[in-house]
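Undergrad: Sequence and predicted structure are below.
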Amino acid sequence: MDFRQLRYFFVIAQEGQISRAAKKLHMAQPPLSQSLKSLETELGVRLFERNGRTMELTNAGKVLYNRAKDLFYYLDETINEVRDTNEGLKGTLAIGCVKTFFGHLPVKLKDFNKNYPNINFNIHVGDTFVLSELLQNRTIEIAFVRLPLSSEIFSYYHLPEENYVVAVPEKMENNFVNGAITMEQLARLPLLLLHRTSGIGQYEIINHEFEKRGLKPNILCECPDVDILIELVSHGVGVTVVPRSTIYRKNINGIKILHIQDAKIISHSALIWLKNRYLSKSATRFIDLFRNLDHH
């Protein structure tokens, strides 16, 4: 088995069809089919089950695919590392960011661009679970997430804590004294809560605060997109609980902010990256931007 055969196999597995793989590899189908046949003969196993034009990995094929994926990840990172030894800072930095952290991002990107004008940004959006998946499949290098995140495969740079606040429709503001709301009052209102695609996050944190007080909240809507929840609040559908910066850095009509009077619910966030991955110079300098701020 040589490197070319492995690359051909890998692309076939990704595309699921010989025809699509040949098109992606810019080659004719017959030599690609012959390469796969030779590889299966050499290994003495079937790597795919043929279902018409569709190619589905066998158990042996899945083992080879996962090994090949890791190999190509490391190869790409090795190439980047070698290039970084001689090249200046340039290229594209792929960053992930949860929407509740967006308010902090523009200033950081502007500062970084001022120091490193040859770096472009590719920004991906999602909740913490989605971004952790993008980090693992190497789509992004670093990500701003809201904790908790239970995984030992990431390195963390912890960012400043901030309080959760309650966003209510403007017409409800006069129902509360001194811009504050109690957990009991909150439990009686129609709640619109952020809920991760998977895993434990804000939804569970907020519910735990209700449970500690023996309260049963009136949850009207769950959604992983904070912009949708804020839009619903502005139209009077209900109220939501979000990190303070999510609201204070937006110009939103029809919404007022209340502090939670009898509970201090803290949002923890972090900049994370894969432990076992080579980080480009641009990613390392971007992380350093936050570390250096702490030293001033």
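TA: Yep, it's here. Model, not experiment: these values are computed from the prediction. Numbering: from 1, shown residues only.
Undergrad: Now the spatially most central residue of the chain: which helix or strand?
TA: Among the residues of the chain, L131 comes closest to the average C-alpha position under Cα atoms, centre = their mean, at 1.4 Å. Using DSSP states H and E, the element containing L131 is helix 128-136.
Undergrad: gap between that helix and the chain center?
TA: 4 Å (Cα atoms, centre = their mean, to the nearest Å).
Undergrad: hmm, who's touching it?
TA: With Cβ atoms under 8 Å, 6 or more residues apart in numbering as the test, helix 128-136 has contacts from 96-98, 124, 126, 140-143, 145-147, 149, 151, 153-154, 196-199, 201, 224, 272-274. Bear in mind the C-beta positions are built from the backbone N, C-alpha and C, glycine included.
Undergrad: List the backbone torsions phi and psi for the residue in the chain sticking out farthest from the centre.
TA: Of all residues in the chain, T41 has its C-alpha farthest from the mean position, at 40.8 Å, by Cα atoms, centre = their mean. With angles defined as degrees, to the nearest 10, T41 shows backbone torsions of phi -60, psi -40.
Undergrad: what's the straight distance from one end of stretch 257-273 to the other?
TA: Using Cα to Cα, to the nearest Å, the end-to-end distance of stretch 257-273 comes to 33 Å.
Undergrad: how about that stretch: buried residues?
TA: 258-261, 263, 265, 267-273 (16 or more other Cβ atoms under 10 Å).
Undergrad: Strands - which of the residues you listed land there?
TA: 258-260, 267, 269-273 (DSSP state E).
Undergrad: Just the closest of these to E209, please.
TA: The nearest member of those to E209, counting by Cβ to Cβ, is I260 at 8.5 Å.
Undergrad: wait, what's in contact with the closest one?
TA: By Cβ under 8 Å, 6+ apart, the residues touching I260 are 163-166, 180-183, 186, 241.
Undergrad: Describe which strands the strand or helix carrying K256 pairs with in its sheet and in which direction.
TA: Element membership for K256, per DSSP H and E: strand 255-260. With DSSP bridges as the test, strand 255-260 is paired with strand 162-169 (antiparallel), strand 180-181 (parallel).
Undergrad: Quick one: the strands in the stretch 1-150 of the chain, in order.
TA: For the stretch 1-150 of the chain, the strands identified by DSSP state E, counting those that start in this stretch occupy 48-51, 54-57, 91-97, 119-125, 142-146, in order along the chain.
Undergrad: what angle separates the third one from helix 128-136?
TA: Between strand 91-97 and helix 128-136, the angle formed by their directions is 150 degrees, by axes from the mean of the first three to the mean of the last three Cα atoms, to 10 degrees.
Undergrad: buried residues in strand 91-97?
TA: Buried residues in strand 91-97, counting neighbours by 16+ other Cβ under 10 Å, are found at 93-97.
Undergrad: For that strand, output the C-alpha coordinates as CSV.
TA: As requested, the backbone C-alpha atoms of strand 91-97 are provided in CSV (Å, rounded to 0.1, in the frame of the first residue of the first chain):
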residue,chain,number,x,y,z
GLY,A,91,-2.8,33.0,5.6
THR,A,92,-6.2,32.2,7.2
LEU,A,93,-7.0,31.7,10.8
ALA,A,94,-10.2,29.6,11.3
ILE,A,95,-12.0,30.6,14.5
GLY,A,96,-15.2,29.3,16.2
CYS,A,97,-17.4,31.5,18.4
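Undergrad: now the angle between strand 119-125 and that strand, please.
TA: The directions of strand 91-97 and strand 119-125 differ by 30 degrees, with the same axes, to 10 degrees as the criterion.
Undergrad: Show me what strand 91-97 packs onto, helices and strands only.
TA: In terms of contacts (3 or more Cβ pairs under 8 Å, 6 or more residues apart in numbering; DSSP states H and E), strand 91-97 is packed against strand 119-125, helix 128-136, strand 142-146, helix 281-294.
Undergrad: Out of these, which is the most enclosed?
TA: Each of the helices and strands packed on strand 91-97 was scored by mean neighbour count; the highest is strand 142-146, a mean of 25, by mean count of other Cβ atoms under 10 Å.
Undergrad: And E222, which helix or strand is it part of?
TA: Per DSSP H and E: E222 is located in strand 218-223.
Undergrad: Name the residues that touch that strand?
TA: Contact partners of strand 218-223, identified using Cβ under 8 Å, 6+ apart, comprise 187-195, 203, 229, 232, 237-238.
Undergrad: Please consider this matter closed, and thank you.
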